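Student: What follows is a predicted structure for the sequence shown.
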Number of protein chains: 2
Amino acid sequence: MTKELVFGHKNPDTDAIAASIALAYLEKQKGADTEAVALGNPNPETKFVLDYFDVKAPRVVNAALPETDTVMLVDHNEPQQSIDDIESLTVNYVVDHHRISGFNTAKPLYYRAAPYGCCSTIITKMFAEEGIDIPKEIAGLMASAIISDTLLLKSPTTTSVDEEALKALAKIAGIEDVNEYGVKMLKAGTNVDAKTDQELIDSDAKSFTLGGKNIRIDQINVVDLADITKRLADIKTAMKAEAEKENYDLFLVLVTNVLTSNSELIVFGEPKDVVEQSFNSKLDENDVMSLPGVVSRKKQVVPPLTAKLEAAE
Amino acid sequence: MTKELVFGHKNPDTDAIAASIALAYLEKQKGADTEAVALGNPNPETKFVLDYFDVKAPRVVNAALPETDTVMLVDHNEPQQSIDDIESLTVNYVVDHHRISGFNTAKPLYYRAAPYGCCSTIITKMFAEEGIDIPKEIAGLMASAIISDTLLLKSPTTTSVDEEALKALAKIAGIEDVNEYGVKMLKAGTNVDAKTDQELIDSDAKSFTLGGKNIRIDQINVVDLADITKRLADIKTAMKAEAEKENYDLFLVLVTNVLTSNSELIVFGEPKDVVEQSFNSKLDENDVMSLPGVVSRKKQVVPPLTAKLEAAE
C-alpha cells in the first residue's frame, strides 16, 4: 500500500491543520496508509487549539518526494498554494471549499468540494456518510476550524451546514460553551500585545495599484479594539515611516474585531477624500473611520476603493 | 431562484443522459429549479434505454444563454467537451468520474468526483446520503448507465462500488435478470447490421502519427463477432479504398465484443510485422488477429503500437 501524505495550504491556518488531521484519520479507518503533515508551523491560534485538545502539531514538510509520490489535499487546490513538488505528485483526493483554479490531473480522483464556510464542515459530513465516529480531540480541532473560518459563525461565508456541523462537533468534543471557547481561541490568535508596531502593520499586508496609486492595505484581527487604539499614535508613526520609505500613496490598516465583525480603518496618505467616498463615511480627527460589518479586505475593501480611485484618476 | 440546466458531455452516451436526469431530479428534491438537457440526440443504445423505461429524451441544447447562466455538469468537466458557451456560464455543481483538466471557476462550487466506472454510481451514493428515494424509471436509466460504462461490470474500470450500485438500482428498477437486460441493451447499441461498411470503418475512427507512419484506428463494438466476420471481405475492401484515398500507411479496425471483453484486430497496410510484434501475436490468412482481454484503444492499442513503430522507425 502506498503511503499518502495529507496536508493543507502553505501558511497553514486552523482549518488547514484540522482538516488534514481529520481526513487522514477518516481515510485510515477506511484502510489507507495516511499521515497528516503541514506545510508550515501552526500559527498562535492553531497552537492554542492543539494544546487545548492535547494534539501534537503535524510534522512540517516542504516536499513529498522521495517519501511518497501520492498525496491528499485539504483546504486548497491551487498548485502555488501547495507543496513545492506538487507537479511531480499524484493527487488522489481533494477536499476543499475554494474555487478550482489551475488544478489538473492525469487520472480520475476523489474530489469533494462544497461552498461552505469551512473545509472541516465538509469532512464532518463525510464522517457521517461513512458512519465513522469522530474522536473527541479531532472533533475539537474541527469545531475550532469552523469557529476560525467563520469568526464564530458571523462571517458572510457561514452556511447553515457550518452551524449544524459546529453544534455536532462541539458536543462530541465536550465544548460546553462554544461562544466562550471561541472567544478564547480567537483571542489567542490575535495576540496584538506580543507584536511590535512594525510587525502589526506588516504581517498581513498586501500591495495594490489602484487608479494609478500605490496602495498598501494591512489587516489586523483583534478581539478588543482598545488593544490597537491605545497604541494608535505609535502605529500611525510606523505607517508614516513605512509609506515614505516604500513610496505608498495610501497606507490603510483595517483593524477587524473578529467577535463583532466590525472594523476600524486607519488611513495614512492621500487622497483621503476618495477613501471617505469609497466607504461613504467620514474620517475622525485621528484619521480613523468605523466600518460596521466589514471583515473582508478582498470582498469589502478593495472593490469600492478600486471603483472610486479609478473614477478619480 | 435561478433556473439551472444539467447536462453531460457532447456526443452523449447513456451515462451522460442518465446522470443528468438523475442529478436534476435529486437537486430538484432539494429545492433547486433544475432541468436535465443534452448536448446531442441519444445514441441507439440510449434510445433503447429511454424507450424501455418510458422516459422522454432530454431537450437538446447547444448553448445555455440567454435561458440561464447557471449550469451543473455531469460525466465531464473539460470545457471542450461541454456546452458551446461554457466560458460565459457559472458552473455550480459537477459530478464526474474523469480526470480534471482545464476546469477553472471564479467561485467555490459543489464538485463531486470519484474514480468509479460510472458517473451514475456516484449519484447513486448521493441519493443514499441524502436519504432520497430514486424513482423506478430513473433507477433504470442509472443501472443502464453502469452496464454501458462497465460493459456489464467486465471493463477494467469497474469497482466494487459500481457492482453494489448496479445491484441496488436494478432492484429498484425491477430489472429481474441484469445480465439478460444488459445484453439486450448493449446489443441495441451495437446494431452492426444497420450500418454500411463505410459507416462501420468510419464512425469511431481516429487518426494518429506513430513512428512517422499515418495510422488510422477504428473501433466497432459488437455483441457477436459473426456480425463482422460474415462481412469481412467487404469491410476489408472498404478499408483498402479508404486507406488509398486518405494515404494511411496502416488501417486498423478493432472489433470489440462488449460481452466477452475480447477483440479481433483487422489490419490493412504495412508494416504488418510491427503490428504482430506490438501485440505479440500472428495475423491469420485474412489479416486478422485475436486480442483476448483488449477493450481499450487508448490504453491497450495505441501504447504498444507507438512503442514498436517508433523502435522500427
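Tutor: Nice, I can see it.

Student: So which helix or strand of chain A has the lowest pLDDT on average?
Tutor: strand A:206-210 (a mean of 82; mean pLDDT, DSSP states H and E).

Student: Quick check: can you name the pairing partners of the very next helix or strand once past it and their directions?
Tutor: Following strand A:206-210 in sequence order, the next helix or strand is strand A:213-222 (DSSP states H and E). If you go by DSSP bridges, strand A:213-222 pairs up with strand A:206-210 (antiparallel), strand A:250-257 (parallel).

Student: looking at these, which is buried most?
Tutor: Highest mean neighbour count among the strands paired with strand A:213-222 (mean count of other C-beta atoms under 10 Å in any protein chain shown): strand A:250-257, with a mean of 23. In short, each C-beta sits where N, CA and C put it, glycine included.

Student: okay, that strand in PDB with CA atoms only?
Tutor: The C-alpha coordinates for strand A:250-257 follow below in PDB (Å, rounded to 0.1, in the frame of the first residue of the first chain):
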ATOM      1  CA  LEU A 250      -2.100  55.500   0.700                       C
ATOM      2  CA  PHE A 251      -1.500  53.100   3.600                       C
ATOM      3  CA  LEU A 252      -4.600  51.600   5.100                       C
ATOM      4  CA  VAL A 253      -4.800  49.400   8.200                       C
ATOM      5  CA  LEU A 254      -8.000  47.500   8.600                       C
ATOM      6  CA  VAL A 255      -8.400  46.600  12.300                       C
ATOM      7  CA  THR A 256     -11.100  43.900  12.400                       C
ATOM      8  CA  ASN A 257     -12.900  42.800  15.600                       C
END
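
Student: Could you identify the helix or strand that succeeds that strand?
Tutor: strand A:262-269.

Student: buried set for that next one?
Tutor: A:262-269 (16 or more other C-beta atoms under 10 Å in any protein chain shown).

Student: among the strands paired with strand A:213-222, which is nearest residue B:111?
Tutor: Among the strands paired with strand A:213-222, strand A:206-210 comes nearest to residue B:111, with 27.9 Å by C-beta to C-beta.

Student: can I get the CA coordinates of that closest one in PDB?
Tutor: The C-alpha trace of strand A:206-210 is given here as PDB (Å, rounded to 0.1, in the frame of the first residue of the first chain):
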ATOM      1  CA  LYS A 206      -0.700  43.400   0.600                       C
ATOM      2  CA  SER A 207       0.200  45.900  -2.100                       C
ATOM      3  CA  PHE A 208      -2.100  47.100  -4.800                       C
ATOM      4  CA  THR A 209      -2.000  49.500  -7.700                       C
ATOM      5  CA  LEU A 210      -5.500  51.100  -7.900                       C
END
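
Student: and that strand, how far out from the chain's middle?
Tutor: Centroid separation between strand A:206-210 and its chain, computed with C-alpha atoms, centre = their mean, to the nearest Å, is 20 Å.

Student: How about residues contacting that strand?
Tutor: Here strand A:206-210 makes contact (C-beta atoms under 8 Å, 6 or more residues apart in numbering or on different chains) with A:214-218, A:248, A:297, A:302, A:305-306, A:309-310.

Student: Take the buried residues of strand A:262-269 and lay them out in CSV including pLDDT.
Tutor: Converted to CSV, the buried residues of strand A:262-269 look like this (pLDDT from 0 to 100):
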residue, pLDDT
A:262, 92
A:263, 95
A:264, 96
A:265, 97
A:266, 97
A:267, 97
A:268, 97
A:269, 97
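
Student: so who does the nearest residue to residue A:42 once chain neighbours are set aside touch?
Tutor: Among residues not flanking residue A:42 along the chain, residue A:57 sits closest, at 5.1 Å (C-beta to C-beta, 6 or more residues apart in numbering or on different chains). Residue A:57 sits next to A:17, A:38, A:41-42, A:46-47, A:50 when contact means C-beta under 8 Å, 6+ apart.

Student: Of these, which is the most crowded?
Tutor: residue A:17 (33 neighbours; other C-beta atoms under 10 Å in any protein chain shown).

Student: Could you check which helix or strand contains it?
Tutor: helix A:14-29.

Student: before we move on, back to that, out of the strands paired with strand A:213-222, which gets nearest to residue B:99?
Tutor: Of the strands paired with strand A:213-222, nearest to residue B:99 by C-beta to C-beta is strand A:206-210, at 33.8 Å.

Student: quick one: residue A:229 and residue A:260, what's the gap?
Tutor: 14 Å (C-beta to C-beta, to the nearest Å).

Student: Burial check on residue A:117, number of neighbours?
Tutor: 25.

Student: partner residues bridging residue A:221?
Tutor: The partner residues for residue A:221, given DSSP bridges, come to residue A:256.

Student: Quick check, it in contact with residue A:189.
Tutor: Yes - with contacts counted by C-beta atoms under 8 Å, residue A:221 reaches residue A:189, the gap being 6.9 Å.

Student: for the helix or strand where residue A:91 lies, packing partners?
Tutor: Using DSSP H and E, residue A:91 falls within strand A:90-96. Contacts defined by 3 or more C-beta pairs under 8 Å, 6 or more residues apart in numbering or on different chains; DSSP states H and E place strand A:90-96 against strand A:3-7, helix A:14-29, strand A:70-74, strand A:110-113, helix A:119-130.

Student: now do 7 Å
Tutor: Taking 3 or more C-beta pairs under 7 Å, 6 or more residues apart in numbering or on different chains; DSSP states H and E as contact, the helices and strands that strand A:90-96 lies on are strand A:70-74, strand A:110-113, helix A:119-130.

Student: nearest spatial neighbour of residue A:281, skipping sequence neighbours?
Tutor: Residue A:281 sits nearest to residue A:289 (C-beta to C-beta, 6+ apart), 4.7 Å away.

Student: Just say helix, strand or coil for the one you found.
Tutor: strand (DSSP: H, G, I helix; E, B strand; the rest coil).

Student: Which residues are in contact with residue A:283?
Tutor: A:267, A:272, A:276, A:289 (C-beta atoms under 7 Å, 6 or more residues apart in numbering or on different chains).

Student: which of those residues are buried?
Tutor: A:267, A:289.

Student: Report the two of the contacts of residue A:283 separated the most.
Tutor: A:272 and A:289 (9.8 Å).

Student: moving C-terminal of the helix holding residue A:17, what's the next helix or strand?
Tutor: Next along from helix A:14-29, by DSSP H and E: strand A:33-38.
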